[in-house]
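> with the sequence up front, the predicted model follows.
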Amino acid sequence: MRNSSKVILLSGLSIAFILLFLFWDLGSSFDYVLPRRFTKVAAIVLTAGCIAFSTVIFQTITNNRILTPSLIGLDSLYMLIQTAIVFFFGGKELALMDSGVHFVISVGLMVVFAVLLFKLVFRIEGRNIYFLLLIGIIFGTFFSSISSFLQLLIDPNEFTLVQDSMFASFNNVNEDLLVLSFLLVLLVSLWAKKLLKYLNVMSLGKDQAVNLGVPFDRIAQQWLIIIAILVSVATALVGPITFLGLLVANLAHELFRTYKHSYLIGGAILLSIVTLVGGQLIVERLFEFSIPISVIINLAGGIYFLYLLLKENRSW
Amino acid sequence: MVEVKDVSKVYGKTRVVSNVSVDIKPGKVTSFIGANGAGKSTLLSMVSRLISRDEGEILLDGQEIQSYKPNALAKELSILKQSNQINIRISVRDLVGFGRFPYSQGTLTKEDEHQVDQAIQYMELEELENRYIDELSGGQLQRAYIAMIIAQDTEYVLLDEPLNNLDMKHSVQIMKALRKMVEELGKTVVIVIHDINFASCYSDHIVALKNGEIVREGSTEEMITTEVLRDVYDMEIPVQLIDGKRICIYF
């Protein structure tokens, strides 16, 4: 099958799933149900897009297909922020906090952290992307440790509130935040559009890219900031879900077998939408909300990840 | 002309390249020779702006290479490193097409396609042009990369050990192609090379490095002598004239 027809097929599948999600089992009170479902589906599509896009690009600039942006430590930082709010201000505060303020604090802190991290790493001579990952992993572990420590001290009732935010969920997405997120993502996309042409060349590796006139470090830094913003928005909106990115980015590589990012990015986003909308359908209509969607994604992703490791292992 | 002036590179306390000055003359094949760790590759990487330098300046046609726009420099000078491990699925033709990136920024024009065709013909890759690079042998892959550099159409072509891991047939094929580029297309080729007999047979000018410094430099006739090679490699290497070529017997 040609790659363009695969894209059409995936688009059709995404639209079908979205329509199914919106209209299946609508019941009589659709004035109430439909707008709520619409908000949910919009949040899913936005998250799916952000995660897929940022993971594909992250893997291209690191030249490694088993990495995800969560390695910079953004997920753990998000958890730390949630835990810290509960720890210092109490669970009521997290529950009652104006969601706009909460969103801005979460996104703001994550982006500031990422930018500081990049500035720190890229100022050092011999700055390379693996060094950045190493520092990111150390910070991530550090944040998780503090979170665990704080969680141990928290009142068990309040801990359940923190636990809620450990898993991604599309069930209480705030509409105003959704609009804000869409605007943010739109702005970032305009910035990203200018850098898209470098991606194919960057996948040849740093030396080749520099040889072909790409200012590699400058472009890579800009991409990293874009990735940090997108991941932060998605995480603050629904919770930690970056593992999904690993799954869809690799599926896109397997499915399209090309170096062209127009296909890889488009394919990954569509796959991501199909997975998330489909997953949410299963969670809502099959399991009646008894398990969070990220559990399903982590399970599927984990199995696929093991398969990937075994397969790569065989080709050595 | 590329002028390297007092260039140094320091890792920790080791001066890998130390106050090296050398001129690379246009329209010639220049070879960098020397033992492992002499600083040849480091010097080449600095000239091609792949790594930064700690001291000195490098001028291309009188202008410091750092002050060139990255894209403009990519039209003047190209570099091929010895290891090119990439894990993307790409056909030979598309790889060669990347050589046009400095000109077209990714969308190939008719003129670009023409250049790509020529580069493929030049390296005799017509039959392989639709194959994916993970299906190629080492020699074929090296030829594909050189075709990419040819499509890049730069006056200066720098290659870091282009014969690494290649058999005699492919080595000769590649050296002949480089020689032809100099003679027919008027390019300037600079190579880092280990096999001194290849250096002797195919280069016009030889620069010998040792411990980060230039020991000797000169034309091939001046350089391929037992006396000079003793300085460079600390070895007694008899040189014999066979069919007008200076052959080193170092076995």
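In hand now; what should we look at?
> point out the residues in chain B that sit beside chain A.
B:48-50, B:52, B:69-75, B:78-81, B:84-90, B:94, B:98-99, B:101-102, B:105-106, B:152 (C-beta under 8 Å from any C-beta of the partner chain). C-beta coordinates here come from the backbone N, C-alpha and C atoms, glycine included.
> give me the buried entries from those residues.
Buried by 16 or more other C-beta atoms under 10 Å in any protein chain shown: B:48-50, B:70, B:73-75, B:78-81, B:84, B:88, B:90, B:94, B:98-99, B:101-102, B:152, out of the residues of chain B next to chain A.
> from those residues, which land in helices?
B:70, B:73, B:94, B:98, B:101-102, B:152 (DSSP state H).
> mind putting those into TSV with distance to A:Val179 and pLDDT?
Below are these laid out as TSV (distance: C-beta to C-beta, whole Å; pLDDT from 0 to 100):
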residue	distance to A:Val179	pLDDT
B:Pro70	39	90
B:Leu73	45	90
B:Asp94	41	90
B:Phe98	41	91
B:Phe101	39	91
B:Pro102	42	91
B:Gln152	47	90
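> which of these sit farthest apart?
The most widely separated members of those are B:Leu73 and B:Asp94, with 23.4 Å between them, by C-beta to C-beta.
> in chain B, what residue is nearest chain A?
B:Ala74 (2.9 Å; C-beta to the nearest C-beta).
> contacting residues around that residue?
A:211-213, B:101-102, B:152, B:154 (C-beta atoms under 8 Å, 6 or more residues apart in numbering or on different chains).
> returning to what we had before: which of the ones in helices among the buried ones among the residues of chain B next to chain A sits closest to A:Thr275?
Nearest member of these to A:Thr275, counting by C-beta to C-beta, is B:Asp94, at 29.3 Å.
> for that closest one, give me its contacts.
A:Tyr259.
> which bits of the stretch 51-200 of chain A sit near chain B?
A:63, A:65, A:125, A:197, A:200.
> do I have it right that the first one meets B:Asn87?
Yes - using C-beta atoms under 8 Å, A:Asn63 is in contact with B:Asn87, at 7.4 Å.
> all helices in chain B, in order from the N-terminus.
Using DSSP H, helices in chain B cover B:40-47, B:70-73, B:92-98, B:101-104, B:110-122, B:138-152, B:168-185, B:196-202, B:220-223, B:226-233.
> skipping its backbone neighbours, what lies nearest the residue of chain B closest to chain A in space?
A:Gly213 (2.9 Å; C-beta to C-beta, 6 or more residues apart in numbering or on different chains).
> so the one you found, which of the three states?
At A:Gly213 the chain is in coil, as set by DSSP: H, G, I helix; E, B strand; the rest coil.
> can you count the residues close to it?
24 (other C-beta atoms under 10 Å in any protein chain shown).
> what's the answer for B:Gln121, then?
Neighbourhood size, B:Gln121 [other C-beta under 10 Å]: 13.
> tabulate the contacts of B:Ala74 (TSV), appending distance to A:Leu244.
As requested, the contacts of B:Ala74 are exported to TSV (distance: C-beta to C-beta, whole Å):
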residue	distance to A:Leu244
A:Asn211	35
A:Leu212	32
A:Gly213	35
B:Phe101	32
B:Pro102	37
B:Gln152	39
B:Thr154	43
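> A:Leu251 contacts A:Ser272, doesn't it?
No - assessed by C-beta under 8 Å, A:Leu251 is found out of contact with A:Ser272, at 9.0 Å.
> who has more neighbours, these two?
A:Ser272 (29 against 18).
> contacting residues for that one?
A:48-49, A:51-52, A:244-245, A:248.
> what is the burial count for the residue nearest to A:Ile282 when sequence neighbours are not counted?
Using C-beta to C-beta, 6+ apart and skipping the chain neighbours, the partner closest in space to A:Ile282 is A:Ile296 (6.8 Å). When neighbours are counted by other C-beta under 10 Å, A:Ile296 registers 17.
> got it, and the one 5 residues further on?
For A:Gly301, the tally of surrounding residues (other C-beta under 10 Å) stands at 21.
> and it, what's its pLDDT?
Looking at A:Gly301, its pLDDT is 79.
> also A:Arg127?
61.
> what of the one 4 residues further on?
A:Phe131 is assigned a predicted lDDT (pLDDT) of 80.
> so it makes contact with A:Val121?
Yes - using C-beta under 8 Å, A:Phe131 is in contact with A:Val121, at 6.0 Å.
> what comes up buried for stretch A:188-203?
A:188, A:192, A:195, A:197-203.
> for stretch A:20-38, same thing?
Buried, per 16+ other C-beta under 10 Å, within stretch A:20-38: A:21-22, A:37.
> where does pLDDT dip in the chain?
Picking chain A for this. A:91, A:93-97, A:123-128, A:312-316 (pLDDT under 70).
> switch to chain B, that's the one I care about
Looking at chain B by pLDDT under 70, you get B:83-85.
> OK, contacts around residue 28?
Here I'm looking at chain A. Applying C-beta under 8 Å, 6+ apart, no residues qualify as near A:Ser28.
> could you do chain B instead?
B:182, B:188-189, B:203-205.
> now with 10 Å, please.
B:182, B:187-190, B:203-205, B:219 (C-beta atoms under 10 Å, 6 or more residues apart in numbering or on different chains).
> and what of B:Gln115?
B:96-97, B:99-100, B:103-104, B:108-109, B:150-153.
> and those residues, which are buried?
Buried among these (16+ other C-beta under 10 Å): B:96-97, B:99-100, B:103, B:108, B:150-153.
> now stretch A:36-56 - C-alpha only, CSV.
Extracted C-alpha coordinates of stretch A:36-56, given in CSV (Å, rounded to 0.1, in the frame of the first residue of the first chain):
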residue,chain,number,x,y,z
ARG,A,36,-19.5,17.3,27.0
ARG,A,37,-18.4,14.6,24.6
PHE,A,38,-17.2,17.2,22.2
THR,A,39,-15.0,18.9,24.8
LYS,A,40,-13.6,15.5,25.7
VAL,A,41,-12.8,14.5,22.1
ALA,A,42,-11.2,17.9,21.5
ALA,A,43,-9.0,17.4,24.5
ILE,A,44,-8.1,13.9,23.3
VAL,A,45,-7.2,15.1,19.8
LEU,A,46,-5.1,18.0,21.2
THR,A,47,-3.2,15.7,23.6
ALA,A,48,-2.8,13.1,20.9
GLY,A,49,-1.3,15.6,18.5
CYS,A,50,1.0,17.2,21.1
ILE,A,51,2.4,13.9,22.3
ALA,A,52,2.9,12.3,18.9
PHE,A,53,4.5,15.4,17.3
SER,A,54,6.9,16.0,20.2
THR,A,55,8.0,12.4,20.4
VAL,A,56,8.7,12.0,16.7
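> quick one: distance of that stretch to the chain centre.
9 Å (C-alpha atoms, centre = their mean, to the nearest Å).
> do stretch A:237-244 as well
5 Å.
> mind checking the end-to-end distance for that stretch?
Distance across stretch A:237-244, first residue to last, is 15 Å (C-alpha to C-alpha, to the nearest Å).
> before we move on, what about stretch B:53-65?
Termini of stretch B:53-65 sit 12 Å apart (C-alpha to C-alpha).
> ditto for stretch B:212-231
End to end - C-alpha to C-alpha - stretch B:212-231 spans 14 Å.
> what comes up buried for that stretch?
Here stretch B:212-231 shows B:212-217, B:220, B:223-225, B:228-229 as buried, counting by 16+ other C-beta under 10 Å.
> tell me what the residue nearest in space to the middle of chain B is bridged to.
Nearest to the mean C-alpha position of chain B, counting by C-alpha atoms, centre = their mean, stands B:Leu159 at 2.0 Å. Beta bridges link B:Leu159 to B:Leu80, B:Ile191, judged by DSSP bridges.
> show me what contacts it?
Counted by C-beta under 10 Å, 6+ apart, B:Leu159 has contacts B:44, B:48, B:78-82, B:142, B:145-146, B:149, B:174, B:178, B:189-193.
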